[in-house]
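>>> coords please:
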Amino acid sequence: MNLKKIKMSFLLMLFLLIAMLCGGVSLLRGNYYLKNKYLLMQLRFLALEGQIMENNPGEMGKIFLSYSQAAGVPLNNKNAQIVPVLLYHGVMSDPNWKPDGVNISLSDFEDQMLALKAAGYQSVSLSDFNDFMKGERVLPEKSVLITFDDGRSDSYYNADPVLRAAGFRAVMFTITGRSLGPDNAKETFHLNEDELQKMLESGRWEIESHTQNGHGNIKTDAAGDQGYFLTNKMWLDSENRLETDTEFETRIDNDLAGSKEDLENKLGVKVLGFAYPFGDFGQENSNYLQGKDILTKEVDSLFPLSFRQSENSEYPGDYPGNGYHLIKRLDIQSPTDINKFISLVGSTREKSIPYSDNFLRDQGWLDAWGSSKLSQGLLLTGATQDEDSSLTFLNGTALWKDYKMNAILRLMKGSSFAIVVRYNNENNYASCDFSDSHISLTQRIAGQESVVSESDNNFPINSQEDMNVSIEVRGGSAACFLNGNEITSGDISSNLNHGGIGFKTWNNKVFNSSLLVKKIDVE
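The predicted model follows:
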């Protein structure tokens, strides 16, 4: 009997031990810190940290100097006039992934973050950025805000080790209906609640709103056409009609307020920012024109900051005091040349007058449309194969007011070109237009173009010879010059009271207009 009791006790203890081991394994298996994704993050971080440490101060200094020179920015300790905002979506580690116009490869992202670090940049929090935009905080000149959209797992797991190694922080705009909804624990493409909490605990991430369930399309008519959730009226099949104005507003209000409540109640964060899905705030095609005003008004009432993507023809940054809603972001994708990336970030900062450019390095020339490139101390801008014109402008000149730009250039293709001043975007600027028959002072206001003044031109501008042309703006007046002689002048709209410089080409045939610029001086 004693032997039987001993055996039964042993078996019972063995059973309990096995049960405890099975339970422990199960618990460990669900432990965030023992997941393969987390362990891979640590390995990536250690590899990057070792890579950074291998660069001795002398090497890092060389990298810092080269990137700063590429951006055309002097090395100094000034305060920021503007803080560039970077936008990323997915960070792709699959070696077979191909560029898709949305995401970025992990290797490109690593190169960009380490290049920013080497060039002396520091990332800022959304709270500091908010205070900066309101004019309540001073930030170092080389400050940058790093943001991600959609709350994607690949963004976090691939980007976090890089941010950690570089000493940067970032903002994740999250679709709360997917990441914090009832089935969030099953999420793999989007981050779930546990993962978002771990991000917050790291101190490197801030979690903000990217709608609750509004990141997608809805049916917009009986034919089944689709449109963005936030900016279109929904077609109600059951009632064979579009929703009413009141129903539209209620749906939008519920989604936006719901996303904010999800973040505050489930993550315990103070929500500051909202990113418009697809960068659409009603400026695109919509079946409800009034939807833009309703949407932006509701967003502004709930969120101190709102973000969108910058358009090609816009300056890709916003200044404090000019409002902090609809803040523009630089949409960064693969492939992106690392020198162009650093130049783009650096050239967003405001340039000063007097200013000269001999095109030995890229100081921030951007294409509203068409294409431009720098080669051997020359700027070549012109139409692409699908276009009959081009417009190139200089980043960091948005606040310029009274100045004169002199340019030495040559018309390579076509019969007309323009030098541009007080440029705000493709719909608002003044220019001196040169052709064989006349030279005119022209202005474009809200997309409507008009001739201010003009003069006959007897100078053959299409002879492929160098020309010296100038344009001057002072207060509300402007004047055009050819070879140092004033040709025509007049008064321009008070709406064009500031703005930067650029060049424009056009022709009546596609891919048949281009301009070669050798040197410019602005005084």
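>>> which element is the spatially most central residue of the chain on?
Nearest to the mean C-alpha position of the chain, counting by C-alpha atoms, centre = their mean, stands residue 330 at 1.6 Å. Element membership for residue 330 (DSSP states H and E) is strand 327-331.
>>> Give the bridge partners for the residue nearest to the centre of the chain, please.
Beta-bridge pairing for residue 330 (DSSP bridges): residue 86.
>>> before we move on, the earlier item: and the strand holding residue 330, C-alpha only, in PDB?
Taking only C-alpha atoms (Å, rounded to 0.1, in the frame of the first residue of the first chain), the coordinates of strand 327-331 have been written out as PDB:
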ATOM      1  CA  ILE A 327       0.600  70.700 -43.000                       C
ATOM      2  CA  LYS A 328       2.500  69.400 -46.000                       C
ATOM      3  CA  ARG A 329       4.700  66.300 -45.900                       C
ATOM      4  CA  LEU A 330       7.400  65.000 -48.200                       C
ATOM      5  CA  ASP A 331       6.200  61.600 -49.400                       C
END
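>>> for the stretch 151-300 of the chain, which spans come out with low pLDDT?
Across the stretch 151-300 of the chain, nothing is flagged by pLDDT under 70.
>>> go again using 90 as the cut-off
Low-confidence segments of the stretch 151-300 of the chain, defined by pLDDT under 90: 182-188, 284-285.
>>> Enumerate the helices of the stretch 151-300 of the chain by residue range, in sequence order.
153-166, 176-179, 193-202, 245-262, 291-302 (DSSP state H, counting those that start in this stretch).
>>> Would you mind pulling the contact partners of the third one?
Defining contact as C-beta atoms under 8 Å, 6 or more residues apart in numbering, one finds that helix 193-202 is touched by 32, 151, 153, 156, 160, 164, 172, 174, 179-180, 184-185, 191, 205-207, 266-267, 269. For the C-beta atoms, the positions are set from N, CA and C on the backbone; glycine is no exception.
>>> Are any of those residues buried, and if so which?
Among those, the ones that count as buried by 16 or more other C-beta atoms under 10 Å are 151, 153, 156, 160, 164, 172, 174, 179-180, 184, 191, 205-207, 266-267.
>>> wait, which of these is closest to residue 400?
residue 206 (34.1 Å; C-beta to C-beta).
>>> Could you list everything the closest residue to the closest one other than its chain neighbours pairs with in the sheet?
In space, and not counting its chain neighbours, residue 206 is closest to residue 171: 4.8 Å by C-beta to C-beta, 6 or more residues apart in numbering. Using DSSP bridges, the beta-bridge partners of residue 171 come out as residue 147, residue 206.
>>> ok, now how distant is residue 171 from residue 340?
24 Å (C-beta to C-beta, to the nearest Å).
>>> Can you check what pLDDT the model gives residue 1?
Looking at residue 1, its pLDDT is 54.
>>> Over to residue 66?
So, for residue 66, pLDDT stands at 49.
>>> re the thing from before, so what's the residue nearest to the centre of the chain up against?
84-87, 310, 316, 344-345, 348.
>>> Would you mind giving these as CSV with neighbour count added?
Converted to CSV, the contacts of residue 330 look like this (neighbours: other C-beta atoms under 10 Å):
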residue, neighbour count
84, 23
85, 23
86, 22
87, 23
310, 20
316, 24
344, 21
345, 26
348, 26
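>>> sorry, back to before: of residue 171 and residue 340, give the one with the bigger neighbour count.
residue 171 (25 against 11; other C-beta atoms under 10 Å).
>>> how close does the more buried one sit to residue 153?
Using C-beta to C-beta, one gets 17 Å for the distance from residue 171 to residue 153.
>>> How about residue 103?
Counting by C-beta to C-beta, the gap from residue 103 to residue 153 is 13 Å.
>>> quick one, domains of the chain?
33-339, 351-522 (automatic domain parsing).
>>> Please state the offset of the shortest one from the chain centre?
Centre-to-centre, domain 351-522 and its host chain are 26 Å apart (C-alpha atoms, centre = their mean, to the nearest Å).
>>> Use 37 as the first number for this chain going forward.
With the count now opening at 37, the last piece we talked about shows up as domain 387-558.
>>> Straight-line length of it, end to end?
Start-to-end span of domain 387-558 (C-alpha to C-alpha, to the nearest Å) is 11 Å.
>>> So for it, mean pLDDT?
Across domain 387-558, the average pLDDT comes to 95.
>>> got the residue ranges for the strands in the stretch 237-386 of the chain?
Ranges of strands within the stretch 237-386 of the chain are 241-245, 253-255, 262-264, 271-272, 277-278, 309-311, 341-345, 363-367, based on DSSP state E, counting those that start in this stretch.
>>> on that earlier part again, could you export the domains of the chain to TSV, including columns for distance to residue 49?
Converted to TSV, the domains of the chain look like this (distance: least, C-beta to C-beta, whole Å):
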stretch	distance to residue 49
domain 69-375	28
domain 387-558	74
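>>> On the three-state scheme, residue 529 is what?
Here residue 529 is recorded as coil under DSSP: H, G, I helix; E, B strand; the rest coil.
>>> ok, it - contacts?
479, 481.
>>> how near is it to residue 441?
Residue 529 sits 19 Å away from residue 441, going by C-beta to C-beta.
>>> again, but for residue 401
14 Å.
>>> Repeat that for residue 135.
37 Å.
>>> higher neighbour count, those two?
More crowded of residue 135 and residue 441, by other C-beta under 10 Å: residue 441, with 26 against 14.
>>> does residue 416 have beta-bridge partners, and which?
Beta-bridge pairing of residue 416 under DSSP bridges involves residue 409, residue 552.
>>> isn't it right up against residue 408?
Yes - counting by C-beta atoms under 8 Å, residue 416 does reach residue 408; the two are 6.6 Å apart.
>>> out of the two, which sits in the more crowded spot?
residue 408 (21 against 17).
>>> got a list of what that one touches?
Residues counted as contacts of residue 408 (C-beta under 8 Å, 6+ apart) are 401, 415-418, 426, 428.
>>> go on, residue 526?
Contacts for residue 526 (C-beta under 8 Å, 6+ apart) come out as 477, 488-489, 513-514.
>>> One more: residue 444?
Contact partners of residue 444, counting by C-beta under 8 Å, 6+ apart, are 502-504, 553-556.
>>> Report the buried residues of the helix or strand harbouring it.
Element membership for residue 444 (DSSP H and E) is strand 439-449. Going by neighbour count (16+ other C-beta under 10 Å), the buried part of strand 439-449 is 439-443, 445-449.
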